[in-house]
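*Asks:* got a predicted structure plus its sequence, pasted below:
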Amino acid sequence: MEHQLLIGKFTLESLTSGLYVSPLDLYREYVQNAADSIDEALEQGILKKGEEKISITVSESERIIKISDNGTGVGANDIYSNLIDIGNSKKRHSNSRGFRGIGRLSGLGYCQKLKFVTSIHGEEKASCITYDAEELKYLLSPQVDSRDSIDQVLSSVLTIEEIPERINEHYFSVELYGVVPESDLLNDSEVVSYLQQNLPVPFSRDFVWGSMIKQKLAQMEVELAEYNVELRTDRTVIDICKPYKNKILADRIRKINDSISDINFVPFYSGEKVTAMLWYAETNFLGTVLDKDIKGIRIRQGNILIGDENTLRKCYKEERFNSWMVGELLVFNEDIIPNTRRDDYEKNSAYKELLSQFTEWANEMSRQIRHRSYERSLTQSDKKFLADESVTDVDGVDISLGTELDCYDMDDSDSVANTDLLSKLSLLMDMGKKKTKYNVLNLNSKFTVDQKHTLEHVFDALYAKYTNAKANDIIQTIIDSF
């Protein structure tokens, strides 16, 4: 039996408000499309380097958001395929940040009206596509007939018109009217924090290490894509930059200022090809970084954040150590593909290979951080105590600061770590005092510590006087008699 597939209208809920982690993600979706359009305009020669501009206007008083760029725009002949069809993008993931043709719907769930206005160089008109998001919410409500398809619903809330425009203009503008106040989309501080962390923007000029990072990437013939993004609110105008700083507040208990002393670089390879470059700040690693906007190693691709500060926590043997770090894992490999939500990657072999390599690095860093923290926590008398005392474990391996610290738990505070360390070392030393050279005694709970050491001397004498076979027989008789 022939059947025509019907994609029901409720799928739109999954493609709008249900798709992304946060309402704020719509800023990333629209800006990454703007960045792709600017790249194309630069390639076509419509723009010169330095002329590109992405502008975001947020008016809390009027409940309006506008995100515009001076990229190529969309021509009248491409309106339906580029802006109305769903999941039919012609972009390729290898050279575009937005490539699934879904992100442009992200604003529908958070406003009363969503509008796209665009024009291309050479056309004397602009196209206006308007979605009545309020009507869409009504049509998606459970009490309305659910048998309508996506295209039927969208057709009933969509209007298209053309307006005159100057022939040399080229731009794309996303406009949201009647923005939902509870969404945080109009909250100045939340918006600034989100934009600084997620967008492909430059390092702040005040961050002295930013130029070093860019120079290192340039040596690898990798250009860090950066775009000028201006934010206008009811109260201020801000040029958005990454939030990294030269000084860091760390340690949840003591709240200590720490400084970046250097930037370290770690390349990751697949065969001979560099698939990613990690930069991380060399600090004193005093504890958890308290600034949520910069803590953690973050993944970026096309200089846009993938996931958040916690995405790579799973790679550490002790996950909290990711929060002691500041840095970025910049992914270049086009086989490593962001998932639709942009909160992680598709789980393919290329991504698993990178994660495996990063995990190896993360565990080594955990060991180094722990070692530094414990060494820093010890007083001079503590260090002398550890240098003078030695303990041998049951396998004959020396227990020392350098070989055994990795097995202990640790808090942000060095003083807590110090107490924890010494108490556990004391316990280990007590255990060492109870051992003999004979496992038959060490593993036998029937003997007291004094009995074990007395029998140790007896066994030494037996092995000195008799053959090993004879001595073993006598020792077994002694053991059985207890």
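*Replies:* Yep, it's here.
*Asks:* distance between the one helix or strand Ala362 maps to and the chain's centre?
*Replies:* Using DSSP states H and E, Ala362 sits in helix 349-377. Relative to its chain's centre, helix 349-377 lies at 15 Å (Cα atoms, centre = their mean, to the nearest Å).
*Asks:* now for it, which elements pack on it?
*Replies:* Judged by 3 or more Cβ pairs under 8 Å, 6 or more residues apart in numbering; DSSP states H and E, the packing partners of helix 349-377 are strand 262-270, strand 273-282, helix 401-404, helix 414-433. C-beta here means a position set from N, CA and C on the backbone, and glycine is covered the same way.
*Asks:* hey, least reliable of the ones you listed by pLDDT?
*Replies:* When the helices and strands packed on helix 349-377 are compared by mean pLDDT, helix 401-404 comes last with a mean of 40.
*Asks:* so who does the nearest residue to Leu455 once chain neighbours are set aside touch?
*Replies:* Spatial nearest neighbour of Leu455, chain neighbours left out: Leu441 (5.9 Å); criterion: Cβ to Cβ, 6 or more residues apart in numbering. For Leu441, the contacting residues are Phe447, Lys452, Leu455, Glu456, Phe459, by Cβ atoms under 8 Å, 6 or more residues apart in numbering.
*Asks:* so what pLDDT did Leu441 get?
*Replies:* Residue-level pLDDT assigned to Leu441 equals 78.
*Asks:* mind checking which helix or strand it is in?
*Replies:* helix 439-442.
*Asks:* mind listing what's buried in that helix?
*Replies:* Within helix 439-442, the residues scored as buried using 16 or more other Cβ atoms under 10 Å are Val440, Leu441.
*Asks:* packing partners of whichever helix or strand comes after that helix?
*Replies:* Sequence order places helix 449-465 as the next helix or strand after helix 439-442, per DSSP H and E. For helix 449-465, the elements it packs on are helix 439-442, helix 468-481, judged by 3+ Cβ pairs under 8 Å, 6+ apart.
*Asks:* same question for helix 449-465, mean pLDDT?
*Replies:* 85.
*Asks:* quick one: that helix to helix 468-481, angle?
*Replies:* 150 degrees (axes from the mean of the first three to the mean of the last three Cα atoms, to 10 degrees).
*Asks:* got the buried residues for helix 449-465?
*Replies:* Lys452, Leu455, Phe459, Leu462.
*Asks:* list of residues touching it?
*Replies:* In contact with helix 449-465 (Cβ under 8 Å, 6+ apart) are residues 433-434, 436-438, 441-442, 444, 447, 471, 474-475, 478.
*Asks:* could I get the buried residues of helix 449-465 in TSV, plus columns for distance to Phe116?
*Replies:* Putting those into TSV (distance: Cβ to Cβ, whole Å) gives the following:
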residue	distance to Phe116
Lys452	83
Leu455	88
Phe459	89
Leu462	93
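*Asks:* which two from the contacts of helix 449-465 end up farthest apart in space?
*Replies:* Lys433 and Ile474 (26.7 Å; Cβ to Cβ).
*Asks:* which one's more surrounded, those two?
*Replies:* Between Lys433 and Ile474, Ile474 has the larger neighbour count (other Cβ atoms under 10 Å), namely 15 against 9.
*Asks:* quick check: phi and psi on Asp239?
*Replies:* phi -90, psi 120 (degrees, to the nearest 10).
*Asks:* distance-wise, check Asp239 relative to Val222.
*Replies:* If you measure Asp239 against Val222 using Cβ to Cβ, to the nearest Å, the figure is 24 Å.
*Asks:* how near is the spatially closest residue to Asp262 that is not a sequence neighbour to Met325?
*Replies:* Leaving aside its sequence neighbours, Asp262 sits nearest to Glu282 (Cβ to Cβ, 6+ apart; 4.0 Å). For Glu282, the distance to Met325 equals 10 Å [Cβ to Cβ].
*Asks:* got any ranges where the protein has weak pLDDT?
*Replies:* For the chain, the stretches with pLDDT under 70 are 1-21, 86-103, 142-148, 377-434, 443, 445.
*Asks:* picking that back up, run the angle between the helix holding Ala362 and strand 273-282 for me.
*Replies:* Using the same axes, to 10 degrees: helix 349-377 against strand 273-282 is 20 degrees.
*Asks:* can you pull the buried residues of helix 349-377?
*Replies:* So, applying 16+ other Cβ under 10 Å, buried residues of helix 349-377: 350-351, 353-355, 357-358, 361-363, 365-366, 369-370, 373-375, 377.
*Asks:* so where do the strands sit in the stretch 51-200 of the chain?
*Replies:* Secondary structure of the stretch 51-200 of the chain (DSSP state E, counting those that start in this stretch): strands located at 54-59, 64-69, 113-119, 125-132, 158-164, 171-177.
*Asks:* for the fifth one, buried residues please.
*Replies:* In this case it means strand 158-164. Under 16+ other Cβ under 10 Å, the buried positions of strand 158-164 are Leu158.
*Asks:* which residues sit against that strand?
*Replies:* Residues contacting strand 158-164 (Cβ under 8 Å, 6+ apart): Ala76, Ile79, Ile84, Glu124, Lys125, Ala126, Ser127, Cys128, Ile129, Thr130, Tyr131, Asp132.
*Asks:* so the second one touches Ala126, yeah?
*Replies:* When you say that, I think you mean Ile79. No. Assessed by Cβ atoms under 8 Å, Ile79 is found out of contact with Ala126, at 10.6 Å.
*Asks:* who's more crowded, these two?
*Replies:* Ala126 (21 against 18).
*Asks:* if I look at Leu195, how far off is Tyr30?
*Replies:* Leu195 is 11 Å from Tyr30, by Cβ to Cβ.
*Asks:* ugh, typo on my part, it should be Asp239
*Replies:* With Cβ to Cβ as the criterion, Asp239 and Tyr30 are 18 Å apart.
*Asks:* more neighbours: which of these two?
*Replies:* Shown here are Asp239 and Tyr30; by other Cβ under 10 Å, Tyr30 has more neighbours (27 against 12).
*Asks:* residues contacting the more buried one?
*Replies:* Ile67, Gly103, Arg104, Ser106, Gly107, Val174.
*Asks:* save the residues you listed as CSV, and put in neighbour count too.
*Replies:* Formatted as CSV, the contacts of Tyr30 follow (neighbours: other Cβ atoms under 10 Å):
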residue, neighbour count
Ile67, 23
Gly103, 24
Arg104, 22
Ser106, 22
Gly107, 28
Val174, 25
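*Asks:* which one of those residues is nearest to Ile337?
*Replies:* Gly103 (14.9 Å).
*Asks:* got CSV for the strands of the stretch 51-200 of the chain, with distance to Ala41 too?
*Replies:* Formatted as CSV, the strands of the stretch 51-200 of the chain follow (distance: least, Cβ to Cβ, whole Å):
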stretch, distance to Ala41
strand 54-59, 12
strand 64-69, 9
strand 113-119, 13
strand 125-132, 16
strand 158-164, 21
strand 171-177, 10
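*Asks:* of these, which is nearest Arg300?
*Replies:* So among the strands of the stretch 51-200 of the chain, strand 54-59 is nearest, using Cβ to Cβ, at 17.2 Å.
*Asks:* got the angle between the closest one and strand 171-177?
*Replies:* If you take the same axes, to 10 degrees, strand 54-59 sits at 20 degrees to strand 171-177.
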